[in-house]
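S.K.: model this:
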Amino acid sequence: MTTTRFKHFLLPVLLVALAGCGGSGDPGEPGSSDVLTGPPVPTQGPEPSVGPSGRCPTAHPGPGTLTVVKAPAPCNDGPLWSGWRCVVLQSTANTNGVTYQVEARWNVVDRKPVGSWTWLVGGRSGAFFREGTTRANSVQDALVGDQIRSIDLKFLGTSGTQAFPRNGWVNISAVYADVLQWLVRNKVAEGVVGHVGSSGGATLIAAALANQGCHKYLDGVILGGGPWWIDLNQLCAQGSQAPKSLIDDWTWREMDGSRPCQQGRGADPSFDCMSILGSTSVKHYFKTKVAVLVGTQDPNGTFIAGEAQNWLSRITAESKSFERPATGHNVLSGAAGSNRVLALVRQITAAS
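M.R.: This is a model prediction of the structure:
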C-alpha cells in the first residue's frame, strides 16, 4: 500500500474574470433538468471579447489562497455526525473575484486511516453526501470497519459552486485543489487518497485531474453520473441544443449575456479553454485508478455515458473501468450503485 504523494500542484487552473447576472441554481443533487435544459434562450447577445493571445488564462492555488475560517473541532451536529470532526476553509484560488467557503467533515478520528476519500455531490455541491437521500451514509459507515476515512465536502453559501459569477467546473476545480492540499498537509487526507463524486462532483474532479495536477494526490477516483463537457468544441458543433444552454449558463452567460455555444460562434475564453480536456490539459494519470459508473435509470444516461466514455478514451490511468449499474443519476441512490461504490473504495484502497 502506498502513502499519499506529497507534491505541489504544478499545473494551473484555467480562470476567467466574469461579471453579470444569474441565479443560484438547484440546491441539491442535479436531476435531468440540470443536464439538458436551461433558462429561455435570448435571440441575440453581445459578442464576446477576443483574448489578446489566444491562450487560456491561468492561476496557481497555494498556501496564500486558503485560510481556516473555523478550526477543526467535533461536529456536534446530531447523531448522524457523532464522532466526526468539522472544519470550514476559505479559498480565493479562483481569481474570478469570488471567495468560496467549503466545509469538510471527516470520521475515523481516533486512529490513522489506511485510506481517506473525499466525497462531493453534484448540483451546486451545497449539501453533504451523508445528509442526502442516498445510501452514502451507510457506505461511509461500512468503511469505518476497514479503517477507511470519509471526508464529506460541502460548498457553503446560497449558491455553492454556482456563486455569482459562475465560471464552470474547469475553474472551480482550483478550489477543490486548494482544499485537497490543506487536507493532505494537515493529515486529514492520509494513507491512500481518493475521491467519490456524483454528477457535477464527478465533473469537477475530472477537471481537477486535468488542470490542477490532482492526479499527483489522488490514488483513485470513483465518478458517478459523469463527467461530461469533455470537449466543448465537439459539443457546441453538434446540431442538438442540449446541453448547449447549460454550457452557456455555466461559462459565458453571466459574463456578458452572450450564448456562443447555442449561437454557434466563437467564445472568450475559448471552448477549448473551458473543456474538461482542452488542448493544454494533462491527460495521463499513471498512478491513479479510475472507475466510472453511469446508472441505467439515469434519465440522461445516454448523453452522460457517451461523455464519460469519451473522457475515458482520452485519458491514461493506472487502471480504468466503466459500468452501468441499475441505479439512478446519483449512483448511490440505489443498492446496486452504492454496493458497487463500497466495493470499489475497498478494492482501490487495498490495491494502492
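
S.K.: counting neighbours, what do you get for Val221?
M.R.: 28 (other C-beta atoms under 10 Å). For the C-beta atoms, the positions are set from N, CA and C on the backbone; glycine is no exception.

S.K.: looks like it contacts Gly197 (just checking).
M.R.: Yes: assessed by C-beta atoms under 8 Å, Val221 is found in contact with Gly197 at 7.1 Å.

S.K.: what is in contact with the two at once?
M.R.: Common contacts of Val221 and Gly197 (C-beta atoms under 8 Å, 6 or more residues apart in numbering): Ile205.

S.K.: how near is Pro325 to Val179?
M.R.: The gap separating Pro325 from Val179 is 28 Å, by C-beta to C-beta, to the nearest Å.

S.K.: more neighbours: these two, which one.
M.R.: Between Pro325 and Val179, Val179 has the larger neighbour count (other C-beta under 10 Å), namely 28 against 20.

S.K.: could I get the pLDDT score of Ala171?
M.R.: Not quite, residue 171 is Asn, not Ala. We have a pLDDT of 87 for Asn171.

S.K.: need the three-state assignment for it.
M.R.: Classification of Asn171 using DSSP: H, G, I helix; E, B strand; the rest coil returns helix.

S.K.: would you map the strands across the stretch 101-250 of the chain?
M.R.: 115-120, 148-155, 192-198, 220-224 (DSSP state E, counting those that start in this stretch).

S.K.: mind listing what the first one pairs with, with the direction of each?
M.R.: With DSSP bridges as the criterion, the sheet partners recorded for strand 115-120 are strand 148-155 (parallel), strand 192-198 (parallel).

S.K.: chain center to that strand, what's the gap?
M.R.: Offset of strand 115-120 from its chain centre (C-alpha atoms, centre = their mean, to the nearest Å): 12 Å.

S.K.: in the stretch 151-300 of the chain, where is pLDDT below threshold?
M.R.: Low-confidence segments of the stretch 151-300 of the chain, defined by pLDDT under 70: 255.

S.K.: please enumerate the helices of it.
M.R.: For the stretch 151-300 of the chain, the helices defined by DSSP state H, counting those that start in this stretch cover 168-185, 200-212, 232-237, 244-251, 253-256, 260-263, 271-274.

S.K.: ok now the fifth one, how far from the chain's centre?
M.R.: What that stands for is helix 253-256. So, by C-alpha atoms, centre = their mean, the centroid of helix 253-256 is 22 Å from its chain's centroid.

S.K.: about what we covered before: for Ile247, find the nearest of the strands paired with strand 115-120.
M.R.: strand 192-198 (19.5 Å; C-beta to C-beta).

S.K.: which parts of the closest one are buried?
M.R.: Neighbour counts over strand 192-198 (16 or more other C-beta atoms under 10 Å) mark Val192, Val193, Gly194, His195, Val196, Gly197, Ser198 as buried.

S.K.: widest-spaced pair of those?
M.R.: Val192 and Ser198 (20.5 Å).

S.K.: of all the strands of the stretch 101-250 of the chain, which one is nearest Ile172?
M.R.: Ile172 lies closest, by C-beta to C-beta, to one member of those: strand 148-155, at 8.7 Å.

S.K.: mind listing what's buried in that closest one?
M.R.: Of the residues in strand 148-155, Ile148, Arg149, Ser150, Ile151, Asp152, Leu153, Lys154, Phe155 count as buried by neighbour count, 16+ other C-beta under 10 Å.
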